[in-house]
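Dropping the sequence and predicted coords here.
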Amino acid sequence: MLPDEDGVAAWLRYAALPESQRTATNSPAIDTVIVLGDEASDASSPLSVAGRELVDGISKILGRSVSLGSSSSQHTSSTLVVGVRDAFTLLEGVPSSSPLDHTDGYWIDPASSSSPSRIIGHDARGVLYGAFAYLSKLAQGRLSSEAWGSSPRAPIRWINQWDNMDGTIERGYGGRSLFFEGGAIREDLARVKEYARLMASVGLNGIVINNVNANASLLSEESLANGVKRVADIMRPYGVRIGLALNFDAPRTLGGLETSDPLDENVVAWWTEKTHLIYKYVPDMLGYTIKANSEGQPGPLSYGRTLAEGANLFAKPLSQYGGFVFYRAFVYDHHLREDNPKNDRANAAVDFFAHLDDAFDDNVVVQVKFGPIDFQVREPVSPLLARLRKTKAVIEFMVAQEYMGQQTHAVYLAPQWQEVLAFDMRVDGKPSLVRDILSPSGPFGWPTTGYTAVVNVGRDTTWLGHHLAMANLYAYGRLTWAPESDARVLLDEWTRLTWSTDPEVVETLGNLLMDTWPAYEGHSGNLGIQTLCDILYTHYGPSPASQDGNGWGQWTRANAKSLGMDRTVATGTGFAGQYHPEVASVYEKIETTPDNLLLWFHHVPYTHVLKSGKTVIQHFYDAHYEGAAMVQTFSQRWASLRGKIDDARWEHVAFKLAYQAGHALVWRDSVCRFYHSLSGIDDDKKRVGHYAHRYALAAPSPNVVLDGYTPVDARLPESASNGKAVQTEEEKSGKVTITLDVDSAVYDIAVNYFDTSVGRASYSLAVNDSTVGTWQGNLQDRLGHDFSEYIDGHSATRIYFRGVALKGGDVLIIEGQPDGKERAPLDYVSILPEGVVD
Ligand code: GCU
């Protein structure tokens with residue numbers, strides 16, 4: 001049996017390469033690592049980190065004794081020599097133009113029979129990246145005798161953590177903050193060091209450690225001197241520099257000034273002094289991230305100034321230190337009126353920023369979310385990425401799965417990012433792929449451009465709350481380095497490193513995870529309608545109704561006959577016209593808009609026929625059923641890996657995938673019911689509204705008797721059968737008795753209930769007099785994530801009892817024992833013949 005693992009080593013486990021997979025080339029006989037250069041002995045240099053990492057990695061992967069040699073040690077074929085290129089007297093074999101010519105680049109030359117192996121870096125950080133690249137190949141059993149090198153396409157390869165100083169993480173699902181607790185930086189930063197190591201291993205070089213909704217007290221001298229500085233010192237040896245998110249209003253709230261007006265001289269002086277102080281403690285600080293005039297945050301517009309004036313306020317003092325302002329383009333009015341058909345939140349980024357292209361200082365970089373709204377399951381690429389020319393931009397992705405199952409569902413996001421990066425913006429009618437725009441060699445020649453992503457790692461040993469979510473962090477890092485990478489190739493690397501080099505594991509897990517995003521899109525929101533989660537509450541479970549009727553502007557404009565946002569120039573909000581003409585003309589017309597973005601750009605009847613030949617409404621029904629059906633296969637596919645990976649991680653994932661299967665059905669039913677009731681159009685396949693195997697407990701039925709249970713409205717009608725659940729009285733247990741009307745056979749029993757965050761109710765299920773099983777409504781503990789206080793699509797969940805022999809007339813009894821405000825709420829029971837999911 002394989003020893004249990006907790007996930008904390010992530011893809012840097014350095015598991016022993018199985019004997020059966022070893023060859024002479026993939027398992028070189030290295031016994032000494034020599035790091036060249038004076039910095040080699042300076043523990044704070046990436047060079048010395050590289051040396052230590054190589055010794056540790058090679059000895060673990062190959063199970064041999066490896067030591068650090070001194071620079072005078074002899075170089076033999078069992079030596080690995082490591083250093084920056086200037087430290088090598090001869091660069092024999094390195095091509096005249098190579099990745100070594102570029103910042104952070106490396107060149108790796110595995111040993112031949114007569115010469116040592118070499119890892120050469122353009123600079124110290126390049127050496128470290130080379131060391132990790134070498135170890136990655138070694139751990140995957142993929143080291144060959146061929147030399148290779150690489151350098152990153154973009155200089156900015158960052159992370160934004162949304163950590164709060166009280167230790168919580170905005171949109172965090174993996175435990176409390178690694179950085180903060182109780183209003184200050186934590187004493188114990190051991191995991192921060194491990195995080196920096198993980199980042200470096202995939203090429204990430206910067207991190208903003210605090211929430212964009214920033215707490216100004218991070219900037220107090222005490223906090224900078226005793227906290228922020230320690231974080232920077234710990235991350236620096238890994239080539240990771242830190243940045244800070246600032247609160248625009250800090251001059252007022254922290255500095256006691258009367259205003260935060262960016263043109264006020266006292267405000268300018270305050271930020272200038274603050275910047276000096278920050279650099280006193282962190283001399284290589286990357287810069288500031290600013291969320292202003294966004295979702296209630298103050299900003300320059302609050303003082304009648306332009307966004308550029310706001311950004312330049314920070315840019316000026318930063319410029320003397322070589323620091324950057326990352327000014328977020330996420331500026332929009334969240335009190336937008338839906339009754340004006342021209343209003344459109346998607347227009348905001350270009351409307352606010354494009355005309356300011358000449359107005360930003362040189363060291364301002366505009367940070368643009370990849371889509372015009374907010375990390376939805378499907379969005380077109382933000383047109384702003386092709387509309388700034390002089391002003392540099394970075395793209396913002398989201399590793400945190402805020403709208404994508406919150407790390408409780410497994411959803412591999414790299415295929416989505418790959419699509420975004422390969423999208424051709426046709427700037428001036430010429431090829432302009434997003435990934436090229438985000439590179440200094442791209443059409444705009446931005447020297448400072450690249451990537452950032454919201455990441456929510458926490459103290460959980462899984463980092464992200466779900467072992468499988470780590471594939472996203474891995475792939476994100478690798479894409480920032482090499483954005484033309486293929487999502488599947490990255491996934492397979494990650495699997496070999498994280499789980500096993502067994503080809504069956506790689507194949508099974510790769511196929512499974514590649515199915516997750518399509519499945520999620522299938523059961524969440526199709527045809528570009530957005531994720532359809534509850535945007536007024538936790539952004540997790542389904543609530544299609546929540547998109548409309550409020551100022552947030554994630555509208556679908558669904559009515560009884562039609563739905564979708566008309567974003568055309570001709571009749572709609574004009575958003576399509578924000579793209580360069582060739583792209584704009586594709587989106588302007590229904591005929592040329594791809595089906596998967598139809599409802600993003602057009603308002604059409606439910607009966608509109610898609611290019612696929614289906615109507616919109618039938619596509620919704622089918623996609624929801626297919627997506628949810630796909631999710632049901634995940635558990636089985638995962639089950640085939642039992643024994644091939646350690647039990648601890650296997651069980652953790654198995655539990656989550658089983659939960660995901662149940663919740664995918666909740667999604668499917670809620671969304672289908674909602675549009676069925678709104679449109680009045682039946683499902684051709686007669687599935688929606690017909691649940692042949694279910695006993696809905698709140699519906700009057702001679703088969704169902706409630707004792708101590710009463711019907712209650714679900715918070716969202718579509719999230720329970722007929723809009724109602726049943727629950728007990730406060731502090732009193734209740735009983736539901738169902739007389740079954742089934743043929744004699746073996747069935748799976750599924751119980752759909754609601755597991756809220758306000759208690760841990762207990763349940764038991766019996767058939768006739770014998771107990772089938774018991775459970776507790778404690779998903780808040782087991783999934784590490786609070787969904788909802790209410791009976792709704794977030795808390796709705798399912799538990800299975802499989803393989804129960806039943807016959808007509810059998811009596812099924814569920815007893816519920818409330819806990820606190822959770823009154824053991826139940827929805828329905830499904831009695832499922834073999835192979836049926838309902
Ligand atoms: C989303 C998210 C917020 C976050 C915001 C942002 O709206 O729900 O929690 O603050 O994005 O990116 O600033």
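Yep, it's here.

what about I791, distance to Y579?
43 Å (CB to CB, to the nearest Å). Yep, even glycine has a C-beta here, placed from its N, CA and C like the rest.

Comparing these two, which residue is more hemmed in?
Between I791 and Y579, I791 has the larger neighbour count (other CB atoms under 10 Å), namely 27 against 23.

So which residues on the chain come close to the ligand?
Taking CB under 6 Å from any ligand atom as the criterion, the chain approaches the ligand at residues 170-171, 212-213, 291, 295, 330, 374, 402.

Mind giving me the ChimeraX command for buried ones among the residues you listed?
Selection of buried members from these for ChimeraX, criterion 16 or more other CB atoms under 10 Å:
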select :171,212,291,330,374,402
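
Let me know how buried E718 is, in neighbour terms.
23.

Now do the contacts for it.
Contacts for E718 were tallied using CB atoms under 8 Å, 6 or more residues apart in numbering; they are 542-545, 669-671, 673-674, 677, 793.

at 6 Å what do you get?
Under the criterion of CB atoms under 6 Å, 6 or more residues apart in numbering, the neighbours of E718 are 670, 673-674.

Out of the residues you listed, grab the one that's most surrounded.
That'd be S670 among the contacts of E718, by other CB under 10 Å, with 28 neighbours.

quick one: that one is in a strand?
No. Counting by DSSP: H, G, I helix; E, B strand; the rest coil, S670 is not found in a strand; it is helix.

Thought D792 was touching it, still the case?
No. In this structure, S670 is not within contact of D792 by CB atoms under 6 Å, at 9.2 Å.

Run through the stretch 1-150 of the chain and note the low-pLDDT ranges.
By pLDDT under 70, the weakly predicted segments of the stretch 1-150 of the chain are 113.

Would you map the strands across it?
32-35, 67-69, 79-84, 106-109, 117-121, 148-150 (DSSP state E, counting those that start in this stretch).

deepest of those, which one?
Mean neighbour counts were taken over the strands of the stretch 1-150 of the chain using mean count of other CB atoms under 10 Å, and the top value, a mean of 27, falls to strand 117-121.

Next, count neighbours for F353.
There are 23 residues near F353, going by other CB under 10 Å.

let me fix that: F620
30.

Let me see the contact set for it.
Neighbours of F620 in contact, by CB under 6 Å, 6+ apart: 526, 675.

Which two among the residues of the chain next to the ligand are spaced furthest apart?
Farthest pair in those (CB to CB) is K291 and E402. Separation: 15.3 Å.

re the thing from before, with distance to K611 and pLDDT added, can I get the residues of the chain next to the ligand in JSON lines?
Below are those laid out as JSON lines (distance: CB to CB, whole Å; pLDDT from 0 to 100):
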{"residue": "E170", "distance to K611": "39", "pLDDT": "98"}
{"residue": "R171", "distance to K611": "35", "pLDDT": "97"}
{"residue": "V212", "distance to K611": "39", "pLDDT": "98"}
{"residue": "N213", "distance to K611": "41", "pLDDT": "97"}
{"residue": "K291", "distance to K611": "39", "pLDDT": "98"}
{"residue": "E295", "distance to K611": "37", "pLDDT": "95"}
{"residue": "F330", "distance to K611": "33", "pLDDT": "97"}
{"residue": "D374", "distance to K611": "27", "pLDDT": "97"}
{"residue": "E402", "distance to K611": "31", "pLDDT": "98"}
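
Where strands are concerned, which of the residues of the chain next to the ligand count?
The members of these all map outside strands under DSSP state E.

domains of this protein?
Domain assignment for the chain by automatic domain parsing gives 10-150, 156-498, 523-548+555-565+603-679, 694-833.

Ends of the second one, what's the gap?
This stretch, domain 156-498, spans 26 Å end to end (CA to CA, to the nearest Å).

Off-centre distance for that domain?
14 Å (CA atoms, centre = their mean, to the nearest Å).

The third one now?
Taking the mean of its C-alpha atoms, domain 523-548+555-565+603-679 sits 18 Å from the chain's own mean (CA atoms, centre = their mean).

Could you tell me what pLDDT the model assigned to the residue most central in space within the chain?
The residue lying closest to the centre of the chain (CA atoms, centre = their mean) is V399, at 2.2 Å. Looking at V399, its pLDDT is 98.

Likewise for A725?
Looking at A725, the pLDDT reads 98.

right, and Q530 touches F375 too?
No. At 10.2 Å, Q530 does not count as touching F375 under the criterion of CB under 6 Å.

Between those two, which has more neighbouring residues?
Each of Q530 and F375 has its neighbours counted (other CB under 10 Å); Q530 has more, 26 against 23.

ok, now how distant is the nearest residue in space to the more buried one that is not next to it in sequence from L385?
If you skip the residues right next to it in sequence, Q530 has Q376 as its closest partner in space, 4.5 Å away by CB to CB, 6 or more residues apart in numbering. To L385, Q376 is 16 Å away according to CB to CB.

ok, the two, which is more surrounded?
L385 (27 against 24).

doesn't the more buried one fall inside a helix?
Yes. Looking at L385 with three-state DSSP, it is inside a helix.

contacting residues around it?
Contacts of L385 (CB under 6 Å, 6+ apart): 368, 437.

same deal with the one 3 residues further on?
When contacts are counted by CB under 6 Å, 6+ apart, L388 is found next to D357.

per-residue confidence at it?
In this prediction L388 is given a pLDDT of 97.

now the strands: where do they sit in the stretch 701-838 of the chain?
Under DSSP E, counting those that start in this stretch, the stretch 701-838 of the chain gives strands at 704-707, 709-713, 724-728, 734-739, 745-754, 762-767, 770-776, 796-806, 811-817, 826-833.

List the contacts of the fifth one.
By CB under 6 Å, 6+ apart, the residues outside strand 745-754 that reach it are 791, 795-796, 798-806, 825-832.

Please pick the buried ones from these.
Counted by 16+ other CB under 10 Å, the contacts of strand 745-754 give 791, 795-796, 798-800, 804, 806, 825-832 as buried.

Just the closest residue of the stretch 351-500 of the chain to the ligand, please.
Nearest residue of the stretch 351-500 of the chain to the ligand (CB to the nearest ligand atom) works out as D374 at 5.2 Å.

That residue and D515, how far apart?
Remark: distance between D374 and D515 (CB to CB) = 24 Å.

Could you tell me which residues make contact with the residue of the stretch 351-500 of the chain closest to the ligand?
Applying CB under 6 Å, 6+ apart, no residues contact D374.

ok, how many other residues are close to E181?
Count around E181 with other CB under 10 Å applied: 18.

Quickly note the distance from the spatially closest residue to it that is not a sequence neighbour to W446.
The shortest distance from E181 to any non-neighbouring residue, by CB to CB, 6+ apart, is to G167 (4.1 Å). Remark: distance between G167 and W446 (CB to CB) = 37 Å.

Settle it for me: which of the two has more neighbours?
Per other CB under 10 Å, whichever of G167 and W446 has more neighbours is W446, with 24 against 20.

ok, the more buried one to R389 distance?
9 Å.

and if you look at V282?
32 Å.

Settle it for me: which of those two has more neighbours?
V282 (23 against 16).

got a list of what that one touches?
229, 232.

Then the one 3 residues further on?
Residues near M285 by CB under 6 Å, 6+ apart: 278, 323.

cutoff 8 Å now
Taking CB under 8 Å, 6+ apart, one finds 232, 241-244, 278-279, 321, 323 in contact with M285.

Give me the buried entries from those.
232, 241-244, 278-279, 321, 323.

Strands - which of the residues you listed land there?
241-244.

Just give the closest residue to G816, not the sequence neighbours.
A824 (2.8 Å).

where's the one you found relative to T516, distance?
Distance from A824 to T516, by CB to CB: 32 Å.

neighbour-wise, which of these two wins?
Remark: of A824 and T516, A824 carries more neighbours, 26 against 23, as counted by other CB under 10 Å.
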